[in-house]
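Novice: Sequence isn't available, so here's the structure alone:
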């Protein structure tokens, strides 16, 4: 789920950055045209363009922020992933032997019989060895 949202943020962030950059570039071109006209006519029409350009720049930063958050989500591992990797490494090193549940139940029953005195230590050891093989 984390990777999904990370990828989603990456895509949305890139789209916002791209569109906002295009808009900021176009607004800059319009501003230059208006400044040229303002020099010739003495009117001041650049205030509207300045606010639009500021909005475009804010949108670019917002898109970059979403992109960075998405990148962090995609590249970092969750706690569960770290636990699974540690467990796999632990099992690969052979430090733990997986015993089927049926064998565990049978061993518990043998141990109870040994404690009750029904089985001797030798009989318990032989049966335990047979179960674990």
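Specialist: That came through fine. Treat the numbers as computed from the prediction; the structure is a model and nothing was measured. Numbers count the residues shown, from 1 in each chain.
Novice: neighbours of the residue lying closest to residue 10 once chain neighbours are set aside, just the number please.
Specialist: In space, and not counting its chain neighbours, residue 10 is closest to residue 70: 3.6 Å by CB to CB, 6 or more residues apart in numbering. C-beta here means a position set from N, CA and C on the backbone, and glycine is covered the same way. Look at residue 70: counted by other CB atoms under 10 Å, it has 21 neighbours.
Novice: How about residue 63?
Specialist: Neighbourhood size, residue 63 [other CB under 10 Å]: 20.
Novice: Please, which helix or strand holds the residue nearest to residue 10?
Specialist: helix 46-75 (DSSP states H and E).
Novice: ranges for the helices of the chain?
Specialist: According to DSSP state H, the chain carries its helices in the segments 2-41, 46-75, 79-92, 101-116, 121-132.
Novice: ok, and what's touching the last one?
Specialist: Read it as helix 121-132. Residues from elsewhere that reach helix 121-132, judged by CB atoms under 8 Å, 6 or more residues apart in numbering: 99, 103, 106-107, 110-111, 113-114, 119.
Novice: Out of the residues you listed, flag the one nearest to residue 31.
Specialist: Relative to residue 31, the closest of the contacts of helix 121-132 is residue 99; by CB to CB it sits at 74.9 Å.
Novice: Quick check, pLDDT for that closest one.
Specialist: We have a pLDDT of 59 for residue 99.
Novice: likewise residue 21?
Specialist: Per-residue confidence (pLDDT) for residue 21: 81.
Novice: so how many other residues sit close to it?
Specialist: Neighbours of residue 21 (other CB under 10 Å): 15.
Novice: returning to that earlier point: ok, the residue nearest to residue 10 touching residue 9?
Specialist: Yes: counting by CB atoms under 8 Å, residue 70 sits close enough to residue 9 to count as a contact (2.9 Å).
Novice: Can you add distance to residue 15 and neighbour count and give the contacts of helix 121-132 back as JSON lines?
Specialist: Shown next, in JSON lines, are those (distance: CB to CB, whole Å; neighbours: other CB atoms under 10 Å):
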{"residue": "99", "distance to residue 15": "53", "neighbour count": "11"}
{"residue": "103", "distance to residue 15": "56", "neighbour count": "12"}
{"residue": "106", "distance to residue 15": "61", "neighbour count": "15"}
{"residue": "107", "distance to residue 15": "60", "neighbour count": "16"}
{"residue": "110", "distance to residue 15": "65", "neighbour count": "18"}
{"residue": "111", "distance to residue 15": "64", "neighbour count": "13"}
{"residue": "113", "distance to residue 15": "69", "neighbour count": "14"}
{"residue": "114", "distance to residue 15": "69", "neighbour count": "17"}
{"residue": "119", "distance to residue 15": "72", "neighbour count": "18"}
